[in-house]
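A.B. asks: Just need the structure, nothing else, for what follows:
(chains A and B)
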Number of protein chains: 2
Amino acid sequence: MEFKFNEEGLIPAIVQDYKTGEVLMLAYMNEEALQKTKETKSSWFYSRSRQELWKKGATSGNTQTVKNMSYDCDQDTILLQVEQIGAACHTGERSCFYRDIDLGEEPAFSREVVHHVYKAVKDRRD
Amino acid sequence: MEFKFNEEGLIPAIVQDYKTGEVLMLAYMNEEALQKTKETKSSWFYSRSRQELWKKGATSGNTQTVKNMSYDCDQDTILLQVEQIGAACHTGERSCFYRDIDLGEEPAFSREVVHHVYKAVKDRRD
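C.D. replies: Below you'll find the model as predicted:
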């Protein structure tokens, strides 16, 4: 199948917890990262800032086991459904999307609450 | 808050069903689309192919009511949690991610099954 990589040779990959549906992060893959992810069933990305291939969790231990991969109608975005070991975010938050944008009213569901609870539970354990 | 728009002035926005967690699509926003989305609580994007602002569902009627918006640690990706009216994908599929990438084994959860069931139910209704 043909994927549409952008002018930098990259394609965005959304990473989602395969059980809870929580969106954990968005990162970019080049052709090699995509191949390695398919072969190893562990997430590999391409760092735009460091200009290098990286395996998610290689230093932190917070790896992602890929349970399912799909692609969108335009073939220019990938969706990974993973089992996340530890935190997905380098800040220590489980998801990179831990801050809400103010919509001027009480949100239907504030995901920040989940993170406060998660942190409280974690802090009391440690 | 400061978002990092890319060299084209765009930021990727992941769109997720706010109830089921299903990832529906990925599209791009410019500053104006972001403002309009916040103000109207309906999804607005910027079309890279047509080079214009568009309101999701303006022609199809398949609008998205924004329930929550968040942004990631790097401030270069947005997550919208929406109530999707009808199908999110222009193909008529509920999600743009209706095709799996073959990982060489039975996936833990094939989202294609959901679409087959959804279509069967819909076809029998119509």
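A.B. asks: now the strands for chain A?
C.D. replies: A:11-17, A:23-29, A:44-47, A:52-55, A:64-71, A:78-84, A:99-100 (DSSP state E).
A.B. asks: could I get the ones you listed as CSV with mean neighbour count and mean pLDDT?
C.D. replies: C-beta: built from backbone N, CA, C; applies to glycine. Shown next, in CSV, are those (neighbours: other C-beta atoms under 10 Å in any protein chain shown; pLDDT from 0 to 100):
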stretch, mean neighbour count, mean pLDDT
strand A:11-17, 23, 98
strand A:23-29, 24, 98
strand A:44-47, 21, 98
strand A:52-55, 14, 97
strand A:64-71, 21, 98
strand A:78-84, 23, 98
strand A:99-100, 16, 96
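A.B. asks: quick one: which of those strands is nearest residue B:58?
C.D. replies: strand A:11-17 (24.3 Å; C-beta to C-beta).
A.B. asks: Can you list the neighbours in contact with that closest one?
C.D. replies: A:3-5, A:22-30, A:34, A:43, A:45, A:64, A:76-84, A:88, B:12, B:14, B:21, B:23, B:26 (C-beta atoms under 8 Å, 6 or more residues apart in numbering or on different chains).
A.B. asks: in chain A, what residue is nearest chain B?
C.D. replies: residue A:21 (2.3 Å; C-beta to the nearest C-beta).
A.B. asks: Spit out the contact partners of the closest residue to that residue other than its chain neighbours.
C.D. replies: Nearest residue to residue A:21 in three dimensions, chain neighbours excluded: residue B:21, at 2.3 Å (C-beta to C-beta, 6 or more residues apart in numbering or on different chains). Residue B:21 is in contact with A:16, A:20-22, counting by C-beta under 8 Å, 6+ apart.
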